[in-house]
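1. Need coordinates for the following:
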Amino acid sequence: MAQLLPLRQLFDATARTWVTFPTADAVGALRDERDVVWAHHPTTRNVPNLWRNTLLAWSVLRSRRPDLIVTTGAAVALPYFVLSRLFGAQTVYIEVYDRVDSPTLTARLCSPFTDLFAVQWPEQSALYRETSMIGPLL
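-> Numbering: from 1, shown residues only. Model (predicted):
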């Protein structure tokens, strides 16, 4: 989530929804945001929370009908990316800045559902097909 904060001025505050985990830093950083949805944590290899987050994604996508979904790679992104096809939303996946030597699990799972796959370091381009280099966000 911290890597998305520098991008928030690109999106209309009245039309954006944040979906993240209710960690202390996220709660503080998003306290002035209008629309925040708290996802279920932990997500990595936690099937019950994957199911809960899939139901949450269905509800969020159905009620808000976003045009664009942007993530920096938390595992909660997978249900949103999969369901984005049903709701006609475009997807942007931004690979995390701190993984340059091997692909992340979330990137591998989300890439088939990604319209734009962005990386922050040149080394990451070699790990994935069809990437766009955007440079470091932090």
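2. What does Thr131 show for phi and psi?
-> With angles defined as degrees, to the nearest 10, Thr131 sits at phi -110, psi 160.
3. Run through the residues that contact it.
-> Residues in contact with Thr131 (CB atoms under 8 Å, 6 or more residues apart in numbering) are 95, 117-119, 124-125. Quick note: C-beta positions are derived from backbone N, CA and C, even for glycine.
4. Among these, name the ones in strands.
-> 117-119 (DSSP state E).
5. before we move on, the earlier item: among the contacts of Thr131, who's most crowded?
-> Each of the contacts of Thr131 was scored for neighbours by other CB atoms under 10 Å, and Glu95 scores highest at 28 neighbours.
6. which one of the ones in strands among the contacts of Thr131 is nearest Val47?
-> Distance to Val47, by CB to CB, is smallest for Phe117 among those, at 25.9 Å.
7. ok, that closest one to Asp32 distance?
-> The spacing between Phe117 and Asp32, counted by CB to CB, to the nearest Å, is 30 Å.
8. same thing with Pro66?
-> Taking CB to CB, one finds Pro66 at 20 Å from Asp32.
9. Who has more neighbours out of those two?
-> Set Pro66 next to Asp32 and count neighbours by other CB under 10 Å: Pro66 wins out with 18 against 8.
10. What are the boundaries of the strands in this structure?
-> 18-20, 36-38, 68-71, 90-94, 116-119, 132-133.
11. List the beta-bridge partners for the residue nearest to the spatial centre of the chain.
-> Centroid-nearest residue in the chain, with CA atoms, centre = their mean: Thr71, separated by 2.0 Å. Thr71 has these beta-bridge partners by DSSP bridges: Tyr93.
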